[in-house]
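Peer 1: generate a structure from the sequence data that follows.
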Amino acid sequence: MLQDVLDPEKCRGLLKEALQATRNCEDLYLQKGQGTGAAVLTRSGKIYRAGHKSRASGNKTHAEVLALNISIEADNKDPIIALALISSNPKAKDMHWYPCGHCRQEFIDHLLYLRKNGLVDSDYDITIICGRPDLTYKTHSLKELLPYSWEPADKGD
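Peer 2: Model prediction:
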């Protein structure tokens, strides 16, 4: 089912959206337009994207969490099926870009909310597309990237 939705063309299209989102990054240490971009694809086919924000105060918001939150604000009942993540930082041009542990847990928490409210089945997962600026990528399931996530005892399953 998801394989049909996430063919190579769709994955590269999401990576292009994520790469375009790097134009909106705000980072005091990188040049304008450099940084991490994310795009999330929902079950209904909507795409939400964001670039990361880094402040002098030390506050950082990663692109994937921003894109997640934008999608939730738009419609928290429309499950995310994929996250595409990429960096436009020239130093990262040869790296597939992965979400950090905190961001992985944020997506797990969103899945727990969806499960608890009967919006997805207990085996539902999100595909993570880890890209490079040349649009090559690797895909993983969220469970594969965070097999031992923290879940509260009353997670609702």
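
Peer 1: okay, and Lys143 sits in which element?
Peer 2: Lys143 belongs to helix 142-145 when assigned by DSSP states H and E.

Peer 1: and that helix, what does it pack onto?
Peer 2: Helices and strands touching helix 142-145, by 3 or more Cβ pairs under 8 Å, 6 or more residues apart in numbering; DSSP states H and E, are helix 101-116, strand 127-131. Placement of C-beta: from N, CA and C, glycine included.

Peer 1: then it to PDB, C-alphas only?
Peer 2: In PDB, the C-alpha atoms belonging to helix 142-145 read as follows (Å, rounded to 0.1, in the frame of the first residue of the first chain):
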ATOM      1  CA  LEU A 142      10.400   5.200  12.100                       C
ATOM      2  CA  LYS A 143      10.300   2.000  14.200                       C
ATOM      3  CA  GLU A 144      13.600   0.900  12.500                       C
ATOM      4  CA  LEU A 145      15.300   4.200  13.400                       C
END
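
Peer 1: for the chain, give me the ranges with low pLDDT.
Peer 2: Applying pLDDT under 70 to the chain flags the ranges 1-5, 28-30, 56, 58, 153-157.

Peer 1: can you tell me the centre-most residue of it?
Peer 2: The chain has Leu83 as the residue nearest its centroid, 3.5 Å off, counting by Cα atoms, centre = their mean.

Peer 1: give me the contact list for whatever helix or strand that residue lives in.
Peer 2: Secondary-structure assignment from DSSP H and E places Leu83 in strand 80-87. By Cβ atoms under 8 Å, 6 or more residues apart in numbering, the list of residues contacting strand 80-87 from outside reads 2, 5-6, 11, 14-15, 17-19, 22, 35-43, 63-64, 67-68, 71, 95, 97-99, 107, 110, 126-133, 137.
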